[in-house]
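Peer 1: need a structure here:
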Amino acid sequence: MKAILITRNESGQHARLSEMDQSALPGPEAGGEVLVDVEYSTINYKDGLALTGQAPVVRSFPMVPGIDFAGTVRESSSVQWRPGDAVILNGWGVGEAHWGGLAQCARVRADWLIRRPAGMDARTTMALGTAGYTAMLCVMALQRHGLTPDSGPVLVTGSSGGVGSVAISLLSRLGFRVVASTGRTGEAAYLTTLGAVEVIDRAEMSKPGKALGKERWAGVVDSVGSTTLANACATTRYGGAVTAFGLAGGMDLPATVAPFILRGVTLYGIDSVMAPRPVREAAWQRLAAEADAQALAAITTQAGLADAPSLGADILQGRVRGRVVIDVNQ
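Peer 2: This next block holds a predicted model:
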């Protein structure tokens, strides 16, 4: 089979397209009850960190990266799955501690898989991928909080990226007024096509701000962290909600308690990696029902397995717009 293999030696970490025997895959003794023929994977921000070695994402070597994939079960020793079942995997340390989806085959634990929703093909699920699934988790959190389109505008930071792009599309379809924050102001037309009613320069949110600013947003979907997240909290309206899932701007949070104790703002941490199966299934069922096919086509580009290492560097440099689907057989 073909796979991207990350190795490490005295000269550093290296990711390259490799040919290997399927017997190299982790066996059942390592928690691999199900063998999946992978059809599509994607490039996510975490994949970029793994492929480039810019952060210690990979926890053992050699490693096949790829935190998500869609494919078909070939073999299973678990009663949960049978050959021919169409499945999706997101997270669970795959591509970090367990060989992942940037390969033509993957052997994984049965409990890590969920069934592909009816009506969705493998490519569509990976056009959404972890980014779309995370965006839906954010939307679900905002709605559980009680936000409606009448509550006020929702800010989406890092809006040109995968999660941001899908979040704009989902929120706008639900009737929310979406404000997109981006460092790539040349992408304004793209973001408005997805449904943003206003595009602001990320500089408005990334400079150190006040403990409390002018109330602007009913809700926030943040992928940046650090000062941007602090400012987002400080400018959220009374009783509003902020969802945080990323750290593109840093892991720190230079904030005060003021927004939380004076305005009743709630900060929701969104975890896509270890979320329990019922939450995953609910998110994917909603994506199947609510994702806009036309918007998804505008968000998505496709590449082959050999392109993955260079795309990993591109996504960290902000040179990837929206989503990149990897056809592992291309």
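Peer 1: Enumerate every residue touching the residue nearest to Leu262 when sequence neighbours are not counted.
Peer 2: Using Cβ to Cβ, 6 or more residues apart in numbering and skipping residues adjacent in sequence, the residue nearest Leu262 is Leu212, 6.6 Å away. In short, each C-beta sits where N, CA and C put it, glycine included. Residues near Leu212 by Cβ atoms under 8 Å, 6 or more residues apart in numbering: 234, 258-259, 262-263.
Peer 1: Show me where the protein has its helices.
Peer 2: In the chain, the helices defined using DSSP state H lie at 45-52, 122-144, 162-173, 188-194, 203-206, 226-234, 258-262, 277-290, 293-299, 308-316.
Peer 1: Now tabulate those in CSV and tack on distance to Phe245, mean pLDDT and mean neighbour count.
Peer 2: Shown next, in CSV, are the helices of the chain (distance: least, Cβ to Cβ, whole Å; pLDDT from 0 to 100; neighbours: other Cβ atoms under 10 Å):
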stretch, distance to Phe245, mean pLDDT, mean neighbour count
helix 45-52, 10, 95, 24
helix 122-144, 5, 97, 25
helix 162-173, 7, 97, 28
helix 188-194, 18, 96, 19
helix 203-206, 16, 94, 16
helix 226-234, 10, 98, 25
helix 258-262, 18, 98, 15
helix 277-290, 13, 97, 16
helix 293-299, 18, 94, 16
helix 308-316, 16, 96, 20
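Peer 1: Go ahead and name everything in contact with stretch 243-250.
Peer 2: 45, 134, 137-138, 141-142, 158, 161, 163, 206, 219-229, 267-272.
Peer 1: redo that, cut-off 7 Å
Peer 2: By Cβ atoms under 7 Å, 6 or more residues apart in numbering, the residues outside stretch 243-250 that reach it are 45, 134, 138, 141-142, 158, 163, 206, 220-229, 267-270, 272.
Peer 1: cool, and stretch 85-101?
Peer 2: By Cβ under 7 Å, 6+ apart, stretch 85-101 touches 25-26, 36, 38, 41, 47, 50, 57-60, 63-73, 106, 108, 112-116, 125, 130, 133, 272-274, 280, 284.
Peer 1: hang on, the earlier thing: look up how far Val265 lies from the residue nearest to Leu262.
Peer 2: 10 Å (Cβ to Cβ, to the nearest Å).
Peer 1: Look up the closest residue to the residue positioned nearest the centre of the chain, ignoring the ones flanking it.
Peer 2: Central residue of the chain (Cα atoms, centre = their mean): Ala131, 2.5 Å from the mean position. Nearest residue to Ala131 in three dimensions, chain neighbours excluded: Gly162, at 3.1 Å (Cβ to Cβ, 6+ apart).
Peer 1: likewise Val197?
Peer 2: Arg177 (5.3 Å).
Peer 1: Give me the neighbour count for that neighbour.
Peer 2: For Arg177, the neighbour count with other Cβ atoms under 10 Å is 18.
Peer 1: for it, phi and psi?
Peer 2: Reported as degrees, to the nearest 10, the phi and psi values for Arg177 are phi -90, psi 110.
Peer 1: For it, report the pLDDT, please.
Peer 2: Listed pLDDT for Arg177 reads 98.
Peer 1: what do you get for the one 3 residues further on?
Peer 2: As predicted, Ala180 sits at a pLDDT of 98.
Peer 1: I'm done for today, thanks for sticking with me.
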